[in-house]
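In: My questions are about this predicted structure, shown below with the sequence.
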Amino acid sequence: MPCTRKPAEAGYDGNTPFPRPSAPARAGIVSVALTAAIVIAPFIALGAGIWLAWGGGITLTDLLLATVFYVVTGLGVTVGFHRLLTHRSFTARPWLRVVLAVAGSMSFQGNLIDWVAVHRRHHAFTDRPGDPHSPYRYGTGLRGQLRGLAYAHLGWLFSSAPTSAARYAPDLLHNDPAMLRISRAFPAWCAASLLLPFAAGWAISGSLYGALTAFIWAGLVRIALLQHVTWSVNSLCHMIGERPHKTRRHDRSTDLWPLALLSFGESWHNGHHSQPNCARHGRGPRQIDPSAALIGLFERLTWATNVHWQPADVLGHHRAVAGKRTLRGPPDSRPAGGQGAAVRRRYSR
Ligand SMILES: [Zn+2]
Ligand SMILES: [Zn+2]
């Protein structure tokens, strides 16, 4: 077992700010500019979209196209990037794997191999030194929590130390040529993600104005909404909500029901952290999880096999710590082992 994480974790008590590296990592100017463009442009479009809507610049076609693109790219991230490629919750037919990877790549959340690497690192070091986007980075005082919330939501994109794909995603980098090609073509998928709504709007409305409003609503605004929902899983779903399941030491992931539908089940984040390779994140009967439902459909169609569904008795066993997390409350620090430990062992080299 390698021990590269031990110096950073040594002495961490779950409450103090993470130790600062001797040489703070800063993203290069080009990287910062690109990230800013990806993050800020959809936001500007949101303002433009609201202004347009005020003057009647939104149609039923725009809303339907925005919904379709949101669902397709969102499920590409949750079912493809996250449950299939990061955690291997199921095995997909090669064509389905490609479709999901392409759909996720159109979400403007970075190339798929970097996405997988960052997320595996998050599971390996959850809410402790080494986590790329923990809201506990600046400690558990009120000011540190607010600063950490902003960092976990957005700030980490600009200043986090780079995550090594060779270390955290060697399976995709070295043994999966299709995924590597899709990952390297990330700029093309971004272009397609904007051009397709424009083209669809033009084809349906027959006017350039219709193409432009579809571009804004089903392109930019849809991208902004999905980005912030995904980032909310990194930030809010480690601070606010319920913690009914056992997780590893320092892990403060939560279940946050208001985001369940918009995040396609990803906001059942405490359930996910307790068993990372389980295909279903929503554990209770009323915990809606559209991503798990889609994987179930794939399984019935025989497009997905080896699906890791959680047995009911194991679920009951893990339903241990009830109660709401508050902004400054103490973490549940009991170790759980299981799949979380397996992921940690596998990707902590
Ligand atoms: Zn998490
Ligand atoms: Zn995960």
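Out: Great, that's in hand. Ligands and ions are numbered 1, 2, ... in the order given.
In: got the contact list for the residue positioned nearest the centre of the chain?
Out: Geometric centre of the chain, nearest residue: Thr230, 4.8 Å, by Cα atoms, centre = their mean. Contact analysis of Thr230 by Cβ atoms under 8 Å, 6 or more residues apart in numbering lists Val77, Ser107, Gln109, Ser263, Glu266. To be clear about C-beta, it is placed using only N, CA and C from the backbone, and glycine gets the same treatment.
In: Return the distance of the closest residue to the first one other than its chain neighbours relative to Ile113.
Out: Read that as Val77. In space, Val77 comes closest to Gly104 once its chain neighbours are excluded; the distance is 4.5 Å by Cβ to Cβ, 6 or more residues apart in numbering. Distance, Gly104 to Ile113, by Cβ to Cβ, to the nearest Å: 11 Å.
In: go on, Ala292?
Out: On the measure of Cβ to Cβ, Ala292 and Ile113 end up 24 Å apart.
In: Give me the phi and psi for Thr305.
Out: Taking degrees, to the nearest 10, you get phi -130, psi 170 for the backbone angles of Thr305.
In: my bad, should have said Gly241
Out: phi 130, psi -170.
In: partner residues bridging it?
Out: Bridge pairing for Gly241 (DSSP bridges) gives the partners Arg325.
In: Is it in contact with Leu259, as I believe?
Out: No: counting by Cβ atoms under 8 Å, Leu259 is not a contact partner of Gly241; they are 9.0 Å apart.
In: Identify the contacts common to these two.
Out: What both Gly241 and Leu259 touch, as defined by Cβ under 8 Å, 6+ apart, is the set Ser267.
In: Pull up the gap between the nearest residue to Ala45 once chain neighbours are set aside and Gly47, please.
Out: What sits nearest to Ala45 in space, not counting adjacent residues and going by Cβ to Cβ, 6+ apart, is Leu220, at 3.1 Å. Distance of Leu220 to Gly47, computed by Cβ to Cβ: 10 Å.
In: Which of those two has more residues huddled nearby?
Out: Neighbour count, other Cβ atoms under 10 Å: between Leu220 and Gly47, Leu220 has more, with 23 against 11.
In: Give me the secondary structure label for the more buried one.
Out: The local conformation at Leu220, judged by DSSP: H, G, I helix; E, B strand; the rest coil, is helix.
In: wait, isn't it in contact with Leu46?
Out: Yes: look at Leu220 against Leu46 with Cβ under 8 Å: they come within range, at 7.3 Å.
In: Distance-wise, check the residue nearest to Ala45 relative to Arg97.
Out: 28 Å.
In: quick revisit: pLDDT of the helix or strand the residue nearest to Val77 falls within, averaged?
Out: Using DSSP states H and E, Gly104 sits within helix 94-105. The average of the pLDDT scores along helix 94-105 is 98.
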